[in-house]
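K.L.:
Need the 3D shape of this:
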Amino acid sequence: YQQLIQKTFQISPSIREHYDTAIRENLRGSGNRTVVGLHLRLGDYKNISASSFGYCAPTEWYLEWLAKLWPTLNNPVLFVASDEVDTVLKDFATYNPVTSDQIGATPPHNLKGKGAGFFGDWYTLTQCDVLAISNSTFSFTACMMNQRPGAKFFRAHYDQKIIPFDPWDSEPIIHRDISDNKLVQLGNTLKVVYNTQGTRGVVKNVFYELPYYGIRNVIMKTVLRSRATSSTKIKERDQVVPSI
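P.N.:
Numbers count the residues shown, from 1 in each chain. Modelled structure (predicted):
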């Protein structure tokens, strides 16, 4: 279904031309440049470490990967997308990174004020020659829609750092196995937090994020169970046939 999906979800020609112009003139340039795209998701991922998928891959993982990759590329340029771009951008200063704002891949006039600020990041990722993404459907779908000849795709793995993948033969999200008992699950979670956020992240999660996540989880389950019980009682009541 790859060709069908890519054909179905095409961008409006006028909007596509707007972003293509910015990428052509300010990113790819007139030379035969290799565009390397990174997506680093932080934001809410710092707060949901108890989930099976929420982990913040540190910039060190991408830097280790770049150090090996960069010398093998023809005239490379680095594009960085993130929900906290100012936080991560400085770590890649050696590679002179650029962002969607810097290359002019911002919403055209008819999309301003319509919540499309994210689109420049997403679309630019679809035009990269090499991508290394977070454990996020935002950038995973960008990989799916990427039609650059010979494009290569990599993703952050909670235990294996940056690994290659095929967006058309992989799960959109990598999940940790959290089926162990609660104590083992807590230990595995804190290990991932330490590897991705360091000691400060562990302290914050132990004293705030994990308790908050647990309480919220209990409340949600209680509310859903209550609604399910009420719904069942209503159905049973409606099914009662009145006696004549």
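K.L.:
who does the host helix or strand of residue 102 touch, helix- and strand-wise?
P.N.:
Remark: residue 102 resides in helix 100-103, with elements defined by DSSP states H and E. Contacts defined by 3 or more C-beta pairs under 8 Å, 6 or more residues apart in numbering; DSSP states H and E place helix 100-103 against strand 76-82, helix 119-126. Where C-beta positions appear, they are placed from N, C-alpha and C, glycine not excepted.
K.L.:
What residues of that helix count as buried?
P.N.:
Neighbour-count burial for helix 100-103 flags 100, 102, 103 (criterion: 16 or more other C-beta atoms under 10 Å).
K.L.:
Can you dump the C-alpha atoms of that helix in PDB for me?
P.N.:
In PDB, the C-alpha atoms belonging to helix 100-103 read as follows (Å, rounded to 0.1, in the frame of the first residue of the first chain):
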ATOM      1  CA  SER A 100      12.600  25.400   9.500                       C
ATOM      2  CA  ASP A 101      12.400  29.000  10.700                       C
ATOM      3  CA  GLN A 102      15.900  29.700   9.600                       C
ATOM      4  CA  ILE A 103      15.300  28.300   6.100                       C
END
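K.L.:
so how far is residue 8 from the spatially most central residue of the chain?
P.N.:
With distances taken as C-alpha atoms, centre = their mean, residue 136 lies nearest the centre of the chain, 2.6 Å away. Distance of residue 136 to residue 8, computed by C-beta to C-beta, to the nearest Å: 22 Å.
K.L.:
Please name the bridge partners of residue 77.
P.N.:
Taking DSSP bridges as the rule, residue 77 bridges to residue 35.
K.L.:
So it is in contact with residue 33, correct?
P.N.:
Yes: counting by C-beta atoms under 8 Å, residue 33 is a contact partner of residue 77 at 5.1 Å.
K.L.:
And the helices in this protein, which stretches?
P.N.:
Per DSSP state H, the chain carries helices over the ranges 2-8, 13-23, 59-69, 85-89, 100-103, 119-126, 137-145, 182-204, 210-239.
K.L.:
quick check: angle from the third one to strand 76-82?
P.N.:
Helix 59-69 and strand 76-82 are oriented at 160 degrees to each other (axes from the mean of the first three to the mean of the last three C-alpha atoms, to 10 degrees).
K.L.:
and helix 59-69, average pLDDT?
P.N.:
In this model, helix 59-69 has a mean pLDDT of 96.
K.L.:
residues in contact with the nearest residue to residue 133 once chain neighbours are set aside?
P.N.:
In space, and not counting its chain neighbours, residue 133 is closest to residue 139: 3.6 Å by C-beta to C-beta, 6 or more residues apart in numbering. Residues in contact with residue 139, defined by C-beta atoms under 8 Å, 6 or more residues apart in numbering, are 39, 41, 81, 122, 125, 131, 133.
K.L.:
who's the first one bridged to?
P.N.:
Put plainly, it is residue 39. Under the criterion used here (DSSP bridges), residue 39 is bridged to residue 81.
K.L.:
my guess is it meets residue 140, correct?
P.N.:
No: in terms of C-beta under 8 Å, residue 39 does not count as a neighbour of residue 140; the distance is 9.2 Å.
K.L.:
With neighbour numbers in mind, choose between the two.
P.N.:
The residue with more neighbours, out of residue 39 and residue 140, is residue 39; 27 against 23, by other C-beta atoms under 10 Å.
K.L.:
Would you quantify the distance from that one to residue 138?
P.N.:
7 Å.
K.L.:
Low-confidence regions, this protein specifically.
P.N.:
Residue ranges of the chain with pLDDT under 70: 45-51, 179-182, 184-186, 188-190, 194, 204-210, 212-213, 238-244.
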